[in-house]
Structure formats: structure tokens, C-alpha cells
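Chemist: sequence? don't have it. structure:
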């Protein structure tokens, strides 16, 4: 098995295609997408802008608007970007249009490289079990505003750590090396974790560590991309 | 003290200016530049292309051409890019025009952010001692062909580890976390270290670990940039 880890999405993948591409934005886009699928959302549509979210709401049935700017809920939206808001009561059976500063922009870039799934600390073990027989995997850390992020790199490293015989690029070696620390301590040390705590969203860090079994898969729904939990 | 570590030069620095900018390309550009300054080279001119190297040789007195493509010496050049070639006999009192695939391109980008020095594992302690009273430092890892490199990140982490009370970005935390391993083991594990060993240049890894006291500083020499060891 070969695992290639991109610590930033500006890095170009080495291969043209992979058995699986796992996109990671642990605080908080992919954590939220994993939770949404687990509690029964029909689909999560990652979009780049507020305008695009509004436009999509016109055509997607039964849709909620969700997203953040600087971690806070966007004015007029139904939900922010906290896993605590993505409850079964709020979103089961519904579609969610999600725009975040960062992570939702990354997923679309990599769809030509293979099947894209959303990964966070919460479902890293589930995705690893699912990947056991794959040969070439690509893990893409969304990072934060163009910077390498500790929690995304850590999540990639946790994934890598499930496999003994594995060929890694340098990004993968680095990720594995840093994944031995305590996850809560790591989140509290990370730049974005500290920011979330400072604006009263520290509970999101604990919520990010709850283990989940969902694997959100990206697919094209008409001309739009959505994550959903249907087939794998 | 604040240390910002860019694991790839595609990342934008947060500040407009720093007390010091340390550019790192441990295998092998900055290792070679440190050694060249230590054994008495007049100046090392980092250039991007072979054409530019040839042009510069016409105007720089007493100059040697050095550089590599895929780790091997460029045809017609005096030296490759191995620290073993940069002996006192070969280069003392001379100017060296150096073109490498990677590291020499990075230095020029960051000259507007502050005084640029070349750092490698060999002089990391010397640069750390020199930086003791600075407030804002930027460490830029050159990486390898647009990918994060283990040995550059490790070198940045070694630097960070010299300081107790320090504020770090996530790149800095990651770098520090991975810098606890054995340096030789790390070099042998790294992608470029394995490549160098595979093409018979494994001795360069040991040579990269020899401690040195030189701090090559980047300055403008007429319209060209050069590293030199004169004033700090």
C-alpha cells in the first residue's frame, strides 16, 4: 500500500489516479459532514460562496443553509459550522448546503483523482478499515487559509498509523510522527483550536473526537457536487 | 519570541517583516552554502537556471560554476552539489555560482521580509544562538519539487527546540514534534535521502550532519544576490 499525504492542497499529487482520496478539514468542515451523514442527512453540498449557497437553495429540495465565516454562523443561514448543531432533529432527511472558509473548497479539486471521501478524526478508523485492500491512497489536508494545519496533519497521521506495511511520502512520515500525541491536547494546541476556544466554541473540540461510522462520499448530483452516505 | 515555520514556500508569511528569515534546504543546497562560507568562499551566488549561471560567470571574478540536476553535476560545471566537493582547496577565496533544482530559487523570494540567512542541520545551533534576542523569526523550508520535505521540516524543528518560551504557528508545532528523532535515521528515511543513497551519494547524508559555525547572509552584490559570511 502507498499513502501520499499532502499537508497543503497547493501540492500536486504524484499520480493521476488513486483508489481513494480522503479530504481532511477536521476543524470543522469534514467533522460536520461526517456527523451530518451519520445522523441521516440526505446530502451535503459543499459550495464556495454565500452567493452559490443561496442559488443552490432555489433548486435543491428540502435544503438548509449552513456555514461560517470566521467560525460564526452566516447571517440568515439555518446553521453554522458546529458539529453540535448538526443533530438528528435538525437535519435528518434534509439536504444541507454548506459553505465554509476553507474545507468545502478543497473537495472539488480532487474529484478527478479518484473517489473522494470526507475524513476527520471522528471517522478515521472507519475510513482506514474501509481502505484495507486499496493500493494507492491520497490524503489531502485542507489546511487553514493556505497554511499547514496541525489538526489536519494529525488526522492524516492517525490514518497512516493503522497500517504496518506502507510506503509513505515525506508528508506521510511527518503526519505519522506527530499523531502519537493526545488528540485533545493537540486540538487545544492548534491555531484554529485555540481560536475556537477563544470565541466560546471550545465544546466543538470535544465533539470532534466522538467516534463515527459514516463515510461521506462525494458524487455529482446533476451538475452539483454533494457528499452522501449511500453506497461506497 | 515568535517563530513562524513555512513547511512549503508556497505559504504566505503572516507578517511583512521579520528580524531574521532562515531559508532551509538541507539536502543539499543550504548545507553546501554553509560549508562553502565556512571554508572561505568569497560569495555564493544562488541562481535559478544554467543559462543565468553561465551569464553570471562572465561578470563575477574568480568564479566556479556549481550545481545539480537530479542530484548530478551539470555537464561542463566545476562542481556538483555535494558538501564533499566544497573543500577549502577547491573554493577558498573563490566565488561560487550555484544552481540547484530547488533551494537556490527560494532565497530570493524572501529578501523583502528581512535579513535572509541559509540554514541547514549543520549550522542550526549557530543560527539559534545568533537569534536569541530576536522577536519575530521566519523559517522557510524549501521542500522538494513543491512537496513538503522531511529533512527541511526536521531542521526547522531543531531550531525551534532551542527555545523554551516561544509562540509557534502550526507549522512550527509540527516541525518541533518531528525533530526528536535521530538525525541520521531521519535523513535515511526521507525521500531525497533515499534517492541520494540510491545513486551512490549516501556519504552526503553524514556530511550534512557535521556541525558548522558559519551563517551565510544573503546580500545584493551589484544587481545579483549572493550569500557571504562577512558581517552579520
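Modeler: Perfect, thanks for sending it. Being a predicted model, the structure only gives us computed values, none of them experimental. Numbers count the residues shown, from 1 in each chain, chains lettered A, B, ... in the order given.
Chemist: which residues touch the residue nearest in space to the middle of chain A?
Modeler: Chain A has residue A:30 as the residue nearest its centroid, 2.2 Å off, counting by CA atoms, centre = their mean. Applying CB atoms under 8 Å, 6 or more residues apart in numbering or on different chains, we find residue A:30 in contact with A:23, A:24, A:103, A:118, A:119, A:120, A:142, A:216. Bear in mind the C-beta positions are built from the backbone N, C-alpha and C, glycine included.
Chemist: which helix in chain A has the most residues?
Modeler: helix A:150-161 (DSSP state H).
Chemist: does chain B sit close to that helix?
Modeler: Yes - judged by CB under 8 Å from any CB of the partner chain, helix A:150-161 and chain B are in contact via A:150, A:153.
Chemist: what's the first helix or strand after that helix?
Modeler: Later in the chain than helix A:150-161, the nearest helix or strand by DSSP states H and E is strand A:167-168.
Chemist: now for residue A:206, how many residues are close by?
Modeler: 12 (other CB atoms under 10 Å in any protein chain shown).
Chemist: so is it in a helix, a strand, or just coil?
Modeler: helix (DSSP: H, G, I helix; E, B strand; the rest coil).
Chemist: could you list every residue that touches it?
Modeler: For residue A:206, the contacting residues are residue A:184, by CB under 8 Å, 6+ apart.
Chemist: if we use 10 Å, what do you get?
Modeler: Residues in contact with residue A:206, defined by CB atoms under 10 Å, 6 or more residues apart in numbering or on different chains, are A:83, A:84, A:184, A:187.
Chemist: now, which of those residues sits nearest chain B?
Modeler: The nearest member of the contacts of residue A:206 to chain B, counting by CB to the nearest CB, is residue A:187 at 11.4 Å.
Chemist: quick one on the thing from earlier: in the longest helix of chain A, which residues are buried?
Modeler: A:150, A:151, A:152, A:153, A:154, A:155, A:156, A:157, A:158, A:159, A:160, A:161 (16 or more other CB atoms under 10 Å in any protein chain shown).
Chemist: look up how far residue A:180 lies from the last one.
Modeler: Distance from residue A:161 to residue A:180, counting by CB to CB, to the nearest Å: 8 Å.
Chemist: low pLDDT regions in chain A?
Modeler: Residue ranges of chain A with pLDDT under 70: A:103-105, A:230-232.
Chemist: just the helices in it please.
Modeler: For chain A, the helices defined by DSSP H occupy A:29-38, A:50-59, A:88-91, A:103-106, A:124-130, A:150-161, A:170-178, A:183-189, A:191-198, A:203-208.
Chemist: can you redo those helices as JSON lines with distance to residue A:76?
Modeler: Output for these, formatted as JSON lines (distance: least, CB to CB, whole Å):
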{"stretch": "helix A:29-38", "distance to residue A:76": "19"}
{"stretch": "helix A:50-59", "distance to residue A:76": "9"}
{"stretch": "helix A:88-91", "distance to residue A:76": "17"}
{"stretch": "helix A:103-106", "distance to residue A:76": "18"}
{"stretch": "helix A:124-130", "distance to residue A:76": "34"}
{"stretch": "helix A:150-161", "distance to residue A:76": "29"}
{"stretch": "helix A:170-178", "distance to residue A:76": "38"}
{"stretch": "helix A:183-189", "distance to residue A:76": "30"}
{"stretch": "helix A:191-198", "distance to residue A:76": "22"}
{"stretch": "helix A:203-208", "distance to residue A:76": "22"}
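Chemist: tell me the most buried of those helices?
Modeler: helix A:29-38 (a mean of 30; mean count of other CB atoms under 10 Å in any protein chain shown).
Chemist: pick out the most distant pair among the contacts of residue A:206.
Modeler: Using CB to CB, these span at most 16.3 Å, a distance reached by A:84 and A:184.
Chemist: how near is the residue nearest to residue A:98 when sequence neighbours are not counted to residue A:140?
Modeler: Sequence neighbours aside, residue A:66 is the residue nearest to residue A:98 in space, at 4.8 Å (criterion: CB to CB, 6 or more residues apart in numbering or on different chains). From residue A:66 across to residue A:140, the span is 22 Å (CB to CB).
Chemist: just to revisit the earlier point, just the buried residues of helix A:150-161 now: which is nearest chain B?
Modeler: Among the buried residues of helix A:150-161, and counting by CB to the nearest CB, the member closest to chain B is residue A:150, at 4.0 Å.
Chemist: touching, the closest one and residue B:178? I think so.
Modeler: No - if you go by CB atoms under 10 Å, residue A:150 and residue B:178 don't touch, sitting 12.0 Å apart.
Chemist: so what sits against both of those two?
Modeler: Contact criterion CB under 10 Å, 6+ apart; residues shared by residue A:150 and residue B:178: residue A:178.
Chemist: check contacts around the closest residue to residue A:151 other than its chain neighbours.
Modeler: In this structure, residue A:151 finds its nearest non-sequential neighbour in residue A:26, 4.3 Å apart by CB to CB, 6+ apart. Residue A:26 makes contact with A:34, A:103, A:119-122, A:124, A:141-142, A:149-156, A:158, A:183, A:186-187, A:190, A:192-193, A:205, A:208-209, according to CB under 10 Å, 6+ apart.
Chemist: again, only using 6 Å
Modeler: The contact partners of residue A:26, taken as CB atoms under 6 Å, 6 or more residues apart in numbering or on different chains, are A:120, A:121, A:151, A:152, A:155.
Chemist: how close does residue A:72 get to residue A:194?
Modeler: Separation of residue A:72 from residue A:194 (CB to CB): 16 Å.
Chemist: which of the contacts of residue A:206 sits closest to residue B:16?
Modeler: residue A:187 (30.1 Å).
Chemist: for the closest one, give me its contacts.
Modeler: Shown in contact with residue A:187 (CB under 6 Å, 6+ apart): A:151, A:193, A:205.
Chemist: same check on residue A:102?
Modeler: residue A:142.
Chemist: for residue A:87, same thing?
Modeler: Applying CB under 6 Å, 6+ apart to residue A:87 gives no contacts.
Chemist: what about stretch A:168-188, distance to the chain center?
Modeler: Distance of stretch A:168-188 from the chain centroid (CA atoms, centre = their mean, to the nearest Å) equals 17 Å.
Chemist: ends of stretch A:117-137, what's the gap?
Modeler: End-to-end distance of stretch A:117-137 (CA to CA, to the nearest Å): 11 Å.
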